[in-house]
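[1] coords below, sequence missing:
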């Protein structure tokens, strides 16, 4: 079975933003950001995805990837 | 009451219960054994087996207290709903069931061997009934704790 991956690093580099800055803007802890980046998250709220897209000024497809 | 205080109280209660159980094993069993010898002189040969069976009956109770202690430790660490806790409570359920079965078998054997005082039979029925109730309650609680642990795990990993 495949997995959904959060490619946040690419967008962070494009927007010249640090992980901690992004975590502050989205309103989640660094620990939770790490869980998201490392693929350990079991679920993501739509509101969190919305805040991520708002903070990174991107579409959900820019940060989400399905890998087999 | 926060979880640390609850954990402390639970540990105190467990220590008190263990102390009472140990005192009961050390003194009460001997006193009742002596009573059996005095009131039923023809059943003197049964007083030692009865005392030994009571001591054996108390062993699972002390093991259950150890698991209860482990549950209290997990609660103190802020993890009341965890898979280890569910496992500990399940083991307490198995111990309660096994102890009830053992007590029923031993009591039946003693009744068949003519140690059939009405008070003894009544106490045996009550003890077996309470043991089985405790086993069922612990089994249900274990299942609920496991479900809650899985829900909490999923919730913790929901960003």
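    Nice, I can see it. What you see is a predicted model; the values in this text were computed from it and never measured.
[2] all contacts plus neighbour counts: C-alpha atoms, from now on.
    Will do.
[3] now residue A:3: phi and psi?
    Per-residue torsions, residue A:3: phi -140, psi 150 (degrees, to the nearest 10).
[4] for it, give its distance to residue A:66.
    6 Å (CA to CA, to the nearest Å).
[5] for the residue nearest to the spatial centre of chain A, which non-adjacent residue is closest in space?
    In chain A, the centroid-proximal residue (CA atoms, centre = their mean) is residue A:8; its distance is 4.8 Å. Residue nearest to residue A:8 in three dimensions, not counting chain neighbours: residue A:63, with 5.7 Å by CA to CA, 6 or more residues apart in numbering or on different chains.
[6] ok, that neighbour - contacts?
    A:6-8, A:11 (CA atoms under 8 Å, 6 or more residues apart in numbering or on different chains).
[7] between these, which is closest to residue B:114?
    residue A:6 (74.9 Å; CA to CA).
[8] what's opposite the closest one in the beta bridge?
    residue A:64 (DSSP bridges).
[9] shaky segments in chain A?
    The model of chain A has no residue with pLDDT under 70.
[10] strands of chain A, residue ranges please.
    Remark: strands assigned in chain A by DSSP state E are A:3-6, A:64-67.
[11] check those strands for me and report the most buried one.
    Among the strands of chain A, ranked by average contacts under mean count of other CA atoms under 10 Å in any protein chain shown, first place goes to strand A:3-6 (a mean of 14).
[12] please name every helix or strand in contact with it.
    If you count contacts as 3 or more CA pairs under 8 Å, 6 or more residues apart in numbering or on different chains; DSSP states H and E, strand A:3-6 packs onto helix A:30-37, strand A:64-67.
[13] what residues does chain B have near chain A?
    Taking CA under 8 Å from any CA of the partner chain as the contact definition, chain B meets chain A at B:154, B:157-159.
[14] top helix in the chain by residue count?
    Chain wasn't specified; assuming chain A. helix A:46-56 (DSSP state H).
[15] actually chain B
    From DSSP H, the single longest helix across chain B is helix B:118-156.
[16] buried residues, it. List them.
    B:121, B:124-125, B:127-128, B:131-136, B:138-139, B:141-143, B:145-149 (16 or more other CA atoms under 10 Å in any protein chain shown).
[17] following element in sequence after the lowest-mean-pLDDT helix or strand in chain B, please.
    When the helices and strands of chain B are scored by mean pLDDT, DSSP states H and E, helix B:29-39 comes last with a mean of 82. Per DSSP states H and E, the first helix or strand lying C-terminal to helix B:29-39 is helix B:44-76.
[18] the residue nearest to residue A:40 when sequence neighbours are not counted - how many residues pack around it?
    Once flanking residues are discounted, residue A:40 sits nearest to residue B:157: 7.2 Å by CA to CA, 6+ apart. Using other CA atoms under 10 Å in any protein chain shown, residue B:157 is surrounded by 16 other residues.
[19] thought residue A:39 was touching residue B:157, still the case?
    No. Between residue B:157 and residue A:39 there is no contact under CA atoms under 8 Å: 10.2 Å.
[20] thinking again about what came up before, what is the nearest of the contacts of residue A:63 to chain B?
    residue A:6 (12.1 Å; CA to the nearest CA).
[21] look up how far residue A:63 lies from that closest one.
    5 Å.
[22] where does chain B dip in pLDDT?
    Looking at chain B by pLDDT under 70, you get B:115-116.
[23] point me to the helix or strand that includes the nearest residue to residue B:72 once chain neighbours are set aside.
    Distance criterion CA to CA, 6+ apart; nearest residue to residue B:72, sequence neighbours excluded, is residue B:7 at 4.9 Å. Element membership of residue B:7 [criterion: DSSP H and E] is helix B:3-23.
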